[in-house]
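Enquirer: 3D model of this:
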Amino acid sequence: MTEWLCSRISAKLRAGVRIGLWCGVALVACSVAVSALAQSGANQVAIDPASGQAGGTAPSGNPPLTVTLQDALQRARLNSPEFQAALTEFGLAREDKVQSRAALLPSLDYNTSFLYTQGNGTASARYVANNGVHEYISQANAHEAISLSGVADYRRTVAAEAVARARSEIAARGLLVAVTQSYYELVAAGRKYATAQRAATEAERFFNISRKLEHGGEVAHSDVVKAEIQFQQQGRDLREAEVAMNRARLEMAVLLFPDFNQNFAVVDDLQAPQAVPQFDEVRAMAGRKNPQLRAALAAVEEAHHEVTAAWGGFLPSLSVDYFYGIDATHFATYTDGVRNLGYAAVATLQVPVWSWGSSRSKLKQADLRQRQAKLELTFAQKKLLSDLQSFYEEVEAARAEQESLARGAELATESLRLTNLRYQAGEATVLEVVDAQNTLTQARNAADDGQVRYRVSIANLQTLTGNF
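Expert: Residues are numbered from 1 along each chain as shown. Now for the predicted structure:
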């Protein structure tokens with residue numbers, strides 16, 4: 001009975017000492033948390049839960065510019081050299097069409113000239129083709145040329161404009177993917193930086209707890225060594241997360257601003273769900289709105305008209321000129337009572353006879369381009385079907401995994417809490433605590449990466465279907 005009573009008293013004393021130790025540790029943890037929060041507020045932490053914005057340290061005293069994804073897309077369109085190059089090509093193709101159409105329409109010119117020829121002592125000149133020593137020409141010329149090659153060339157430029165328009169849309173959708181990926185990688189980098197901050201704070205708290213327990217004889221010195229190793233590792237991870245966040249910010253600044261402005265913050269809207277239509281609807285949208293397919297079809301039509309233009313080199317062409325004005329020995333409408341104003345018309349039929357094989361060579365070139373365009377069209381159709389199914393499966397997989405990843409982060413949080421309690425009760429080892437800390441960090445980062453993957457996969461799918 002006495003031994004039992006002594007053991008009960010000894011157990012109560014040990015419990016009292018442990019409670020006192022944990023109270024002291026709690027005070028130390030609170031002071032560490034307060035100092036960490038103060039430091040994070042001074043450094044402008046990447047994630048602001050109140051505003052839902054992500055960003056790094058503001059490089060200037062001005063308030064940062066808040067940028068949404070739509071704002072980022074608009075700014076990127078103005079600053080992307082690839083997208084602007086596609087727009088330039090579209091503009092050039094459109095002007096080629098205007099010039100080709102103008103070549104089919106009648107043109108009107110006005111010319112004035114003076115011809116002086118050495119005289120021969122009479123009213124005529126030494127040159128038989130001239131009307132006299134002095135010859136004045138002032139006339140308007142209406143010109144029209146008609147040929148199969150000219151008509152086919154105009155139709156070719158119309159198809160080329162359609163190709164350029166489709167390629168500009170391809171560039172716009174490719175830019176959407178690039179901006180979406182860069183935007184949400186910056187958001188995720190800000191989240192990972194905040195996660196690293198929490199992990200570093202937790203590691204420091206656990207390090208202090210292990211030292212307190214060692215002083216109280218509760219744990220071995222090896223636990224303190226392991227806790228310190230974990231604390232140092234989390235500090236390194238925090239610095240790496242900050243570097244990654246700054247790198248993502250620099251990449252985003254290159255896309256958004258012409259003057260490399262880094263004083264901006266992006267809105268964290270990864271939690272906002274984005275609906276995706278059913279596969280049948282997506283497939284119908286891809287058939288109607290796919291720019292790659294439109295570009296391939298227009299390229300085939302362009303090659304067809306180029307073949308027609310090449311055949312036109314073997315056929316006659318007709319040109320008509322109508323002149324009205326003066327062609328006289330004096331610069332006047334009347335000379336010695338004779339009216340100089342008059343008109344003349346010239347019709348020319350040009351029949352190709354011999355060109356040393358150049359016309360046939362142009363026809364062969366056009367046939368080769370047409371054959372290649374048809375091959376590319378067939379490939380584009382197959383590639384569309386393949387990419388459509390692949391991108392849609394990627395979206396579905398990313399959407400299905402989001403809930404699992406979020407649940408994993410919740411379970412990892414609870415696991416760390418329970419492991420800490422078990423360690424405090426002497427039922428868990430330091431390795432279990434460290435493993436729970438690392439698991440929580442990995443689970444949170446994986447959940448953030450899963451949300452980014454979902455948004456980027458939707459952007460990839462929209463390159464085939466357009467917005468939905």
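
Enquirer: can you list the weak-confidence ranges in the protein?
Expert: 1-61, 123, 126, 128 (pLDDT under 70).

Enquirer: is the closest residue to Thr419 other than its chain neighbours within a helix or a strand, and which one?
Expert: With Cβ to Cβ, 6 or more residues apart in numbering as the criterion, Thr419 has its nearest non-adjacent residue at 4.2 Å, and that residue is Ala436. For glycine as for every other residue, the C-beta is placed from the backbone atoms N, C-alpha and C. Ala436 belongs to helix 430-465 when assigned by DSSP states H and E.

Enquirer: any buried residues in that helix, and which?
Expert: For helix 430-465, burial by neighbour count (16 or more other Cβ atoms under 10 Å) applies to 430, 432-434, 436-441, 443-465.

Enquirer: so which helix or strand takes in the residue lying closest to Pro64 once chain neighbours are set aside?
Expert: In space, and not counting its chain neighbours, Pro64 is closest to Ala265: 4.5 Å by Cβ to Cβ, 6+ apart. Counting by DSSP H and E, the element that carries Ala265 is strand 264-267.

Enquirer: just the CA atoms of the helix or strand just after that strand, as PDB, please.
Expert: Downstream of strand 264-267, the first helix or strand assigned by DSSP H and E is helix 279-289. Extracted C-alpha coordinates of helix 279-289, given in PDB (Å, rounded to 0.1, in the frame of the first residue of the first chain):
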ATOM      1  CA  PHE A 279     -17.100  16.200 -74.100                       C
ATOM      2  CA  ASP A 280     -19.700  16.200 -76.900                       C
ATOM      3  CA  GLU A 281     -20.200  19.900 -76.500                       C
ATOM      4  CA  VAL A 282     -16.500  20.500 -76.400                       C
ATOM      5  CA  ARG A 283     -16.000  18.500 -79.600                       C
ATOM      6  CA  ALA A 284     -18.700  20.500 -81.400                       C
ATOM      7  CA  MET A 285     -17.000  23.700 -80.300                       C
ATOM      8  CA  ALA A 286     -13.700  22.500 -81.500                       C
ATOM      9  CA  GLY A 287     -15.200  21.700 -84.900                       C
ATOM     10  CA  ARG A 288     -16.600  25.200 -85.300                       C
ATOM     11  CA  LYS A 289     -13.900  27.300 -83.600                       C
END
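
Enquirer: and the angle for helix 279-289 with helix 430-465?
Expert: Put simply, helix 279-289 runs at 50 degrees to helix 430-465, going by axes from the mean of the first three to the mean of the last three Cα atoms, to 10 degrees.

Enquirer: for Leu115, see how far away the most centrally placed residue in the chain is.
Expert: Nearest to the geometric centre of the chain sits Leu175, at 1.7 Å (Cα atoms, centre = their mean). Separation of Leu175 from Leu115 (Cβ to Cβ, to the nearest Å): 60 Å.

Enquirer: so what does Asp269 have for phi and psi?
Expert: phi -120, psi 30 (degrees, to the nearest 10).

Enquirer: shouldn't it be in contact with Thr66?
Expert: No - counting by Cβ atoms under 8 Å, Thr66 is not a contact partner of Asp269; they are 11.9 Å apart.

Enquirer: which of the two has more neighbours?
Expert: Asp269 (17 against 13; other Cβ atoms under 10 Å).

Enquirer: now for the strand holding Ala265, which elements pack on it?
Expert: strand 53-54, strand 65-67, helix 69-79, helix 148-215, helix 221-256 (3 or more Cβ pairs under 8 Å, 6 or more residues apart in numbering; DSSP states H and E).

Enquirer: most tightly surrounded among these?
Expert: strand 53-54 (a mean of 24; mean count of other Cβ atoms under 10 Å).

Enquirer: ok, back up a step: starting at the chain centroid, how far to the helix holding Ala436?
Expert: The chain centroid and the centroid of helix 430-465 are separated by 22 Å, computed with Cα atoms, centre = their mean, to the nearest Å.

Enquirer: elements contacting it?
Expert: Applying 3+ Cβ pairs under 8 Å, 6+ apart, one finds that helix 430-465 contacts helix 148-215, helix 221-256, helix 279-289, helix 358-424.

Enquirer: would you format those as a markdown table with distance to Ala125 included?
Expert: Shown next, in a markdown table, are these (distance: least, Cβ to Cβ, whole Å):
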| stretch | distance to Ala125 |
| --- | --- |
| helix 148-215 | 39 |
| helix 221-256 | 72 |
| helix 279-289 | 70 |
| helix 358-424 | 40 |
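
Enquirer: of these, which is nearest Pro106?
Expert: Counting by Cβ to Cβ, Pro106 lies closest to helix 148-215 out of these; the figure is 12.6 Å.

Enquirer: re the thing from before, now the residue nearest to Pro64: how far from Val67?
Expert: For Ala265 relative to Val67 (Cβ to Cβ), the value is 7 Å.

Enquirer: what's the answer for Phe206, then?
Expert: In this view, Phe206 and Val67 are 38 Å apart by Cβ to Cβ.

Enquirer: just to revisit the earlier point, how many residues are close by the residue nearest to Pro64?
Expert: Burial of Ala265 is recorded as 22 neighbouring residues (other Cβ under 10 Å).

Enquirer: touching, it and Thr66? I think so.
Expert: Yes - Ala265 lies in contact with Thr66 (Cβ under 8 Å); the separation is 5.4 Å.

Enquirer: just checking, what packs against the one helix or strand Thr348 maps to?
Expert: Using DSSP H and E, the element containing Thr348 is strand 342-350. When contacts are defined as 3+ Cβ pairs under 8 Å, 6+ apart, strand 342-350 sits against strand 317-328.

Enquirer: next, the angle from the strand it packs on to strand 342-350.
Expert: Using the same axes, to 10 degrees: strand 317-328 against strand 342-350 is 150 degrees.

Enquirer: partner strands of strand 317-328, with direction?
Expert: Counting by DSSP bridges, the strands paired with strand 317-328 are strand 134-146 (antiparallel), strand 342-350 (antiparallel).

Enquirer: hey, which of those strands is tucked in deepest?
Expert: By mean count of other Cβ under 10 Å, the strands paired with strand 317-328 have strand 134-146 as the most buried, with a mean of 16.
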